[in-house]
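1. quick one, what's the 3D model for this:
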Amino acid sequence: MRPGSKLWIDVAAGLTMAQFAASIWLPPGFVLTAISDIVLTLLMLALVLAFARNAIPSRGRLRAFWILQAACWSFWLANQGLWILYDIILRKPMPVMFAGDALLFLAGVPTLAGLLLRPHLLPSKRSVRLGMLDFMLLMLWWIYFYVYLVMCWQYVSENATLYDRNYDRLYLLGTIVVVIGLGLLLLQSIGAWNRFYAYFLGAVLIHYLCFLAENKAIEAKTYYTGCWLDTPFTASFALFMVVAMKGRGLTPAPETPKDEKYGSWMASLAVVAVLSLPVIAAVVVLDRREPPEIVRFRVLITAVTMFAMAGLVFVKQRRLHEELKQTNQTLEEASMTDPLTGIRNRRFFSAMVEGDVAQTIRAYAEGRERSSRDLVFYLIDMDNFKEVNDLYGHDAGDRVLVETARRISAAIRDSDILVRWGGEEFLIVSRNTDRREADMLALRVMQAVRGKPFAIGPEDEIRRTCSIGWAAFPWLEEDVESMSYEEVLNRADQGLSHAKRAGKDQAIGMTPLREESNPLIGSTRNSSQLPTETLWHLQPDDLQRPEWL
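-> Residues are numbered from 1 along each chain as shown. Next up is the predicted model:
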């Protein structure tokens, strides 16, 4: 037990001993009543502070749990304040149908709500969002039953017998639910959390037995404040101080997929709660034994609760819809992303290329400037990549591919798209560009790949180069629809093949034969092989030319 916890327990034990001494030595009367009420008030105040103190260093669901437990004891403290009002200030006997009884019933609501949060687990974001709404539905359902079964006999049609009977049964049911919840948490938890739930369960059972004994004495009119029954009752409160100290410093464990099944049955119970209200309303209307004012009150309360629950269900459905939408977006994004390199894959290319082609055709139709109307495809292949896998292993090869993707991404514009085309091949789709400057991007990519060595291990490095083939869409500027983008992409692939056969570590661009050569890069023509095309041939020496430095 943490340092300082013993002091809190000593305070609770001291107050219990003070109650015991007063019950033995003092005769029934005002002094005994005052001492008993003050002792119990101080003990409840200490419990509020102890549970609230646990919430300060906690976070998330665990903090909410401690705050809810402190709220529980705040209801008890408020009830005790009413006892002081009647016992010490007004000096009147407590009414049979006491308004403070509602506070004792409500005290069980935050206790149960805290247990539904399962504080020993660190929830997923989904569990937090949806689980909170589910337990709000259940708490609303629980409060509804108190108003429906108890308060109607207190304020609408006074009937002390039905009031006591329904209150005792509902309080017992609430205790049973809390005990079952603690039992399930006891089975699900291990270690310190398991011991914490065991102490909590024991304290709840002992407290209920003491409460039941006092309640029976009150109904039999044999109870007076400060009698011997108050000693075990006060001791049962002291047990909750032990629970608070046992829980101090506990931290939740991550929620597992198995734990998330809990949310499904809690959601199912919430659905049962919503569907039960129309059935209850029908029973009320058809039951002719109840007074008319009770029937009207219960129908009204049921209708109000149904509207409140409908609002919560609406919010939950909106959140489910948003979650489904986000999940679909995530899945779609994942299906269009290469899992190794994190860049786009061929499926993404297939999904977006038609739109880019249409935009390019529209740019030509509208007569836009040449500097921003072309679509250029670059096919990039790592040279001798098989050697990396053979000599250093596939893990090293994967690291080289990931780094290659990163370097190429850094070399292109934000508007350009980098696609893993397959194996060690990549595709760049350069949008809204000028084919006359296509060679510049090819040079940047070659430099990015060959510029510095690749780390393949803690101390090992290797140098790699790449070959590039590119072609621009539209193929003919004066007839933009003369060749499809697939055929232009095939021309880029031909350029890559020429670069490989020419010795690798170079880039070759393909353009129609009748276009003028780019004077900066010294084009070569090979009419015997490609009678309709020009080769823009970039070799490694071009990387050092003054125009590109």
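
2. low-confidence ranges in the stretch 301-450 of the chain?
-> Nowhere does the stretch 301-450 of the chain drop to pLDDT under 70.

3. swap in the chain?
-> 1-3, 123-132, 255-267, 514-549.

4. what are the ranges of the strands in it?
-> Using DSSP state E, the strands found in the chain span residues 121-122, 253-254, 374-382, 417-422, 425-433, 454-455, 461-462, 466-473, 507-512, 533-538.

5. return the most buried member of those strands.
-> Among the strands of the chain, strand 466-473 has the highest mean neighbour count (mean count of other C-beta atoms under 10 Å), at a mean of 27. C-beta here means a position set from N, CA and C on the backbone, and glycine is covered the same way.

6. quick one: closest of the strands of the chain to residue 443.
-> strand 533-538 (6.3 Å; C-beta to C-beta).

7. max-length helix in the chain?
-> Using DSSP state H, we find that the single longest helix of the chain is helix 292-335.

8. quick one: that one to chain centroid distance?
-> Taking C-alpha atoms, centre = their mean, to the nearest Å, the mean C-alpha location of helix 292-335 is offset from the chain mean by 19 Å.

9. what about residue 269, how many neighbours?
-> Other residues lying near residue 269 total 15 when counted by other C-beta atoms under 10 Å.

10. same check, this time on the one 10 residues further on
-> Other residues within reach of residue 279 by the criterion other C-beta under 10 Å amount to 10.

11. and it, how far is that from residue 162?
-> Distance from residue 279 to residue 162, counting by C-beta to C-beta, to the nearest Å: 22 Å.

12. kindly check the end-to-end length of stretch 494-510 for me.
-> End-to-end span of stretch 494-510 (C-alpha to C-alpha, to the nearest Å): 8 Å.

13. enumerate the positions of that stretch that are buried.
-> If you call a residue buried by 16 or more other C-beta atoms under 10 Å, then stretch 494-510 has these buried ones: 494-496, 498-500, 505-510.

14. nearest to residue 321 among those?
-> Closest to residue 321, out of all of the buried residues of stretch 494-510 and judged by C-beta to C-beta, is residue 496, at 46.2 Å.

15. mind listing what the closest one touches?
-> Residues near residue 496 by C-beta atoms under 8 Å, 6 or more residues apart in numbering: 379-381, 467-469, 508.

16. swap the cut-off to 6 Å and go again
-> Contact analysis of residue 496 by C-beta atoms under 6 Å, 6 or more residues apart in numbering lists 379, 381, 469.

17. identify the residue spatially nearest to it, adjacent ones excluded.
-> Excluding the flanking residues, the one nearest residue 496 by C-beta to C-beta, 6 or more residues apart in numbering is residue 469, at 3.1 Å.

18. give me the beta-bridge partners of the one you found?
-> residue 379, residue 508 (DSSP bridges).

19. now residue 502: how far from residue 443?
-> 16 Å.

20. what do you get for residue 209?
-> Going from residue 209 to residue 443 by C-beta to C-beta gives 85 Å.

21. same thing with residue 340?
-> Residue 340 is 26 Å from residue 443, by C-beta to C-beta.

22. the more surrounded of these two?
-> Remark: of residue 340 and residue 443, residue 443 carries more neighbours, 20 against 13, as counted by other C-beta under 10 Å.

23. distance to residue 231 for the strands of the chain - can I get that in JSON lines?
-> Converted to JSON lines, these look like this (distance: least, C-beta to C-beta, whole Å):
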{"stretch": "strand 121-122", "distance to residue 231": "38"}
{"stretch": "strand 253-254", "distance to residue 231": "39"}
{"stretch": "strand 374-382", "distance to residue 231": "83"}
{"stretch": "strand 417-422", "distance to residue 231": "76"}
{"stretch": "strand 425-433", "distance to residue 231": "81"}
{"stretch": "strand 454-455", "distance to residue 231": "74"}
{"stretch": "strand 461-462", "distance to residue 231": "79"}
{"stretch": "strand 466-473", "distance to residue 231": "86"}
{"stretch": "strand 507-512", "distance to residue 231": "92"}
{"stretch": "strand 533-538", "distance to residue 231": "95"}
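
24. of those, which is nearest residue 395?
-> Ranking the strands of the chain by distance to residue 395, with C-beta to C-beta as the measure, places strand 454-455 first at 12.3 Å.

25. partner strands of that closest one, with direction?
-> Applying DSSP bridges to the sheet, strand 454-455 is found paired with strand 461-462 (antiparallel).

26. please compute how far the strand it pairs with lies from its chain's middle.
-> 42 Å.

27. ok, of the contacts of residue 496, which one's closest to residue 293?
-> Closest to residue 293, out of all of those and judged by C-beta to C-beta, is residue 379, at 83.9 Å.

28. do I have it right that that closest one meets residue 491?
-> No - with contact defined as C-beta atoms under 6 Å, residue 379 does not count as touching residue 491 (9.9 Å).

29. who does the longest helix of the chain touch, helix- and strand-wise?
-> helix 125-146, helix 261-286 (3 or more C-beta pairs under 6 Å, 6 or more residues apart in numbering; DSSP states H and E).

30. how about the contacts of residue 496 in TSV, adding distance to residue 402?
-> As requested, the contacts of residue 496 are exported to TSV (distance: C-beta to C-beta, whole Å):
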residue	distance to residue 402
379	19
381	17
469	23
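
31. ok, these vs residue 134, which is closest?
-> residue 379 (53.0 Å).

32. quick revisit: any idea how far the residue nearest to residue 496 lies from residue 383?
-> The spacing between residue 469 and residue 383, counted by C-beta to C-beta, is 13 Å.

33. and what of residue 494?
-> 18 Å.

34. same check, this time on residue 185
-> 61 Å.

35. of the two, who's got more company?
-> The residue with more neighbours, out of residue 185 and residue 383, is residue 185; 22 against 18, by other C-beta under 10 Å.

36. OK, contacts around that one?
-> Here residue 185 is in contact with residue 197 (criterion: C-beta under 6 Å, 6+ apart).

37. residue 65 is in contact with residue 114, correct?
-> Yes - counting by C-beta under 6 Å, residue 65 is a contact partner of residue 114 at 4.4 Å.

38. closest one of the buried residues of stretch 494-510 to residue 109?
-> residue 496 (70.1 Å).
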